[in-house]
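Novice: Here is the input, now give the coordinates:
(chains A and B)
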Amino acid sequence: MADAYVQLPPDGAGKKVDTFELQVGGSTVERQRVLVSDPVPAGPHRAAGGRLLFVEDFADGFAGMYNDGCGSASIDHNIRFNGRPSVRLDPQGNSSTSSATGGNQSLTLAGSAATYTPTSNGTLVGTTTQAGAPAIKTGGVNYIVLNTPAAAGQWPTVSGNSCVLTYTGAVTTGGAGNWTVTFTGVNLLALPGAPEVSVTTANQGTATMAACNPNPNCTGSPLTSGVVFKRRVCDQFSGRFGHSFWFRPTGKSAATSFTSVFTGSLYNRDGVNLWAARCLIQTAVGMNPPGGVWNNDNQILWYITGVSAGFVLVPFAFLTRAAFNQHSWDPVGGTWDRAGGWHYLKLIADFAVTQYVSIQFDEAVYTSMAGQPLYQGIGDTGAKMMHFSVELAMAQSPTRRFWNVAKVTGTQEQ
Amino acid sequence: MARKTLVNCLQALGVTGVSLTTSNVLTAGGNSQELYDFATCDAARFYLDITAITGTSITFDLYERDPATGVFFKNNPASDPLFGVAMTATKAGLITTIDPVYAEAYQVFWSGTFTSVTCSLLAQLVNRD
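Specialist: Just a heads-up that it's a prediction; the model follows:
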């Protein structure tokens, strides 16, 4: 069968057709690009876009990925996904106390009660009795989390709901053992999934706030005091890549407050810098829904940006309407639910421009981070490879807790 | 054909994958992390190599996990040439085989009146699926 072409009229002014130009039989022709696809579903769905680079489904009972951190990442036939084994991430009692709270500053709520809205531009006062001056980020927009605990007498908000505030200025006064921080330009951050558009503070003197980065957090570099379960693929910052996986908090109380640090990361190094896309799932966030009861089976999602020790975690969503830390499998702890509840996370990053593209958690695709710079670790001369990684550390506790991951997938994205 | 994979039985709790080595220098009693790789194999063959030893002796013990309590307990057969036996000199290719492997996890403990022992202890896991 011979090559041929059909000649069209001269170029018009209408809609453009996507082609690439090549030589066929001595003639310059336009070859049309065609994408076979299903219609975009109207309802919630798990995106599967992108050309597959690899799928680690652990089907034959062996892990092709490696734990570069502490603890273990082992094949688990008790917890299966799609009929195939999953991998249990278990820090085995390694505590990440010293390395999982960086950039966070806990303060006691002080001053007077105030109401904050997305445009309130108010002030907020916090105190601490620590010896050294509190580490408060200034410059640009920074964040404060008011996370409600079980005791209503310690709720930092009247409603009992947690929230994220932003501030643009902070002044620290006082001295050792008696510091006061006055935040200015304070607004309520209207995150997707946030239950309120106005919050009023409460319980000054007893309630606490987490200023700057969340507590605990994943820091900038891979947290090797926990599990760092990864696959490496070599690529010289050619373009967009995706990293997705399914996961469940498996062990009893696996997502306990101020303890679990669970992240998905997609990062590469160029010999000088580490460039990382990372999503942190802050668990055990308290909410007090109308008609319901206070509970802390809620989450805040964060992505990381910033440079080296100045890493900044940016919140981008609240998750309040689906179970997270329920139905555990932990025979030693007396719980036997093999099915559990699985979640899905997908990161897409553009390494050609070192920026985020999107982050999907379960059914929702978030694009508020699109175009934002990836975290840059200057002077990181580690392996010049792209890493598809899942990390689990236990901050501030050596208590045994473990999570499972399944179907780790790497993609090349448009 | 059986599939085989290696496990480093001297990986202590807190040692990262980056710094994991085959030949380790032990200067005090201790234990490995909990080795869950055994959950997926049919048999295991242990290989002990001691290239240097100072002091009197070192003894390796194999502990098995009770899945009901999570507690590890010693489970060395009396005739085992590797576990539960005091090693006083260098060794090359001392082996022990467990077939079948029943437990989901094992842990290796080492103890004795040694000053320094340079050794490796690897388990070759055999999967006959």
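Novice: For chain B, which residues are neighbours of chain A?
Specialist: Chain B has residues B:3, B:5, B:13-18, B:33-37, B:39-40, B:67-70, B:127, B:129 near chain A, with proximity defined as C-beta under 8 Å from any C-beta of the partner chain. For glycine as for every other residue, the C-beta is placed from the backbone atoms N, C-alpha and C.
Novice: Could you report the distance from the residue nearest to A:Gly379 when sequence neighbours are not counted to chain B?
Specialist: In space, and not counting its chain neighbours, A:Gly379 is closest to A:Val272: 7.0 Å by C-beta to C-beta, 6 or more residues apart in numbering or on different chains. According to C-beta to the nearest C-beta, to the nearest Å, A:Val272 and chain B sit 20 Å apart.
Novice: One more: A:Gly334?
Specialist: Distance of A:Gly334 to chain B, given as C-beta to the nearest C-beta: 10 Å.
Novice: So the residue lying closest to that residue once chain neighbours are set aside: helix, strand or coil?
Specialist: Leaving aside its chain neighbours, A:Gly334 sits nearest to A:Lys252 (7.6 Å; criterion: C-beta to C-beta, 6+ apart). Assigned with DSSP: H, G, I helix; E, B strand; the rest coil, A:Lys252 falls in the coil class.
Novice: A:Lys252: neighbour count?
Specialist: Number of residues near A:Lys252 (other C-beta atoms under 10 Å in any protein chain shown) recorded here: 19.
Novice: Domain-wise, how is chain A divided?
Specialist: Domain segmentation of chain A under automatic domain parsing yields A:51-98+A:216-412, A:104-212.
Novice: circling back to that earlier point, put the buried members of the residues of chain B next to chain A into a ChimeraX selection.
Specialist: A single ChimeraX command selects the buried members of the residues of chain B next to chain A (16 or more other C-beta atoms under 10 Å in any protein chain shown):
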select /B:5,13,15,16,17,33,34,35,36,37,39,40,127
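Novice: buried sites along stretch B:119-129?
Specialist: Applying 16+ other C-beta under 10 Å to stretch B:119-129 flags B:119-121, B:123-127 as buried.
Novice: If we only consider these, which is nearest to chain A?
Specialist: The shortest approach to chain A among these belongs to B:Asn127, at 6.6 Å (C-beta to the nearest C-beta).
Novice: Distance-wise, check the closest one relative to A:Val332.
Specialist: Applying C-beta to C-beta, to the nearest Å, one obtains 26 Å for the distance of B:Asn127 from A:Val332.
Novice: repeat for A:Val34
Specialist: 55 Å.
Novice: Please say which of those two ends up with more neighbours.
Specialist: Neighbours were counted for A:Val34 and for A:Val332 using other C-beta under 10 Å; A:Val332 has more, 15 against 7.
Novice: quick one: low-confidence parts of the chain?
Specialist: Looking at chain A here, since you left the chain open. Across chain A, the ranges flagged by pLDDT under 70 are A:1, A:35-49.
Novice: Let me rephrase: I mean chain B.
Specialist: Along chain B, segments meeting pLDDT under 70 span B:1.
Novice: would you list every one of the strands in it?
Specialist: B:3-8, B:24-26, B:30-31, B:43-55, B:58-65, B:72-74, B:86-87, B:91-98, B:106-111, B:114-127 (DSSP state E).
Novice: Could you single out the most deeply buried of the ones you listed?
Specialist: Among the strands of chain B, ranked by average contacts under mean count of other C-beta atoms under 10 Å in any protein chain shown, first place goes to strand B:58-65 (a mean of 22).
Novice: what's the angle from that one to strand B:106-111?
Specialist: Angle of strand B:58-65 versus strand B:106-111, following axes from the mean of the first three to the mean of the last three C-alpha atoms, to 10 degrees, is 150 degrees.
Novice: Need the contact partners of strand B:58-65.
Specialist: Residues from elsewhere that reach strand B:58-65 (C-beta atoms under 8 Å, 6 or more residues apart in numbering or on different chains): B:26, B:31, B:34, B:46, B:48, B:50, B:71-76, B:80, B:82-87, B:102-112, B:114, B:117, B:119, B:121.
Novice: same thing with stretch B:70-77?
Specialist: A:332, A:400, B:34, B:61-66, B:83-84, B:103, B:105-107, B:109.
Novice: Max pairwise distance over the residues you listed: which two?
Specialist: Checked with C-beta to C-beta, the contacts of stretch B:70-77 reach their widest spread between A:Arg400 and B:Gly84, with 27.2 Å between them.
Novice: Show me which of those two is the more surrounded one.
Specialist: Each of A:Arg400 and B:Gly84 has its neighbours counted (other C-beta under 10 Å); A:Arg400 has more, 20 against 16.
Novice: Pretty sure that one sits against A:Arg88.
Specialist: No - contact criterion C-beta atoms under 8 Å: A:Arg400 and A:Arg88 do not qualify, at 11.4 Å.
Novice: tell me which element the residue nearest the centre of chain A is part of?
Specialist: With distances taken as C-alpha atoms, centre = their mean, A:Cys279 lies nearest the centre of chain A, 1.9 Å away. Counting by DSSP states H and E, the element that carries A:Cys279 is strand A:273-282.
Novice: Let me know the next secondary structure element after that strand.
Specialist: strand A:299-307.
Novice: Could you give the separation of that next one from the chain centroid?
Specialist: With C-alpha atoms, centre = their mean, to the nearest Å as the basis, strand A:299-307 stands 6 Å off its chain's centre.
Novice: Compute the inter-axis angle for it and strand A:273-282.
Specialist: Going by the same axes, to 10 degrees, strand A:299-307 makes 160 degrees with strand A:273-282.
Novice: Within its sheet, name the partner strands of whichever helix or strand comes after strand A:299-307 and how each one runs.
Specialist: Counting by DSSP H and E, the next helix or strand C-terminal to strand A:299-307 is strand A:310-319. According to DSSP bridges, strand A:310-319 forms sheet pairs with strand A:299-307 (antiparallel).
Novice: What parts of the stretch 151-300 of chain A come near chain B?
Specialist: For the stretch 151-300 of chain A, the contact set with chain B under C-beta under 8 Å from any C-beta comprises A:224, A:228.
Novice: now do 7 Å
Specialist: A:Thr224 (C-beta under 7 Å from any C-beta of the partner chain).
Novice: Which single residue in the stretch 151-300 of chain A comes nearest to chain B?
Specialist: Nearest residue of the stretch 151-300 of chain A to chain B: A:Thr224, at 4.8 Å (C-beta to the nearest C-beta).
Novice: Contact partners for the nearest residue to that residue once chain neighbours are set aside?
Specialist: The shortest distance from A:Thr224 to any non-neighbouring residue, by C-beta to C-beta, 6+ apart, is to A:Gly69 (4.2 Å). By C-beta atoms under 7 Å, 6 or more residues apart in numbering or on different chains, the contact list for A:Gly69 reads A:224, A:226-228, B:16-17.
Novice: Need those residues in a markdown table (columns: distance to A:Val293).
Specialist: Formatted as a markdown table, the contacts of A:Gly69 follow (distance: C-beta to C-beta, whole Å):
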| residue | distance to A:Val293 |
| --- | --- |
| A:Thr224 | 39 |
| A:Gly226 | 32 |
| A:Val227 | 34 |
| A:Val228 | 37 |
| B:Thr16 | 42 |
| B:Gly17 | 43 |
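Novice: from these, which is closest to A:Lys346?
Specialist: Using C-beta to C-beta, A:Val228 comes nearest to A:Lys346 of the contacts of A:Gly69, at 19.0 Å.
Novice: Which residues are in contact with B:Leu122?
Specialist: Listed by C-beta under 7 Å, 6+ apart, the contact set of B:Leu122 reads B:6-9, B:47.
Novice: ok, of those residues, which one's closest to A:Asn121?
Specialist: Set against A:Asn121, the nearest of these by C-beta to C-beta is B:Asn8 (57.7 Å).
Novice: And the closest one, how close does it get to chain A?
Specialist: As judged by C-beta to the nearest C-beta, B:Asn8 and chain A stand 12 Å apart.
Novice: so that residue touches B:Leu20, yeah?
Specialist: Yes - counting by C-beta atoms under 7 Å, B:Asn8 touches B:Leu20, with 6.1 Å between them.
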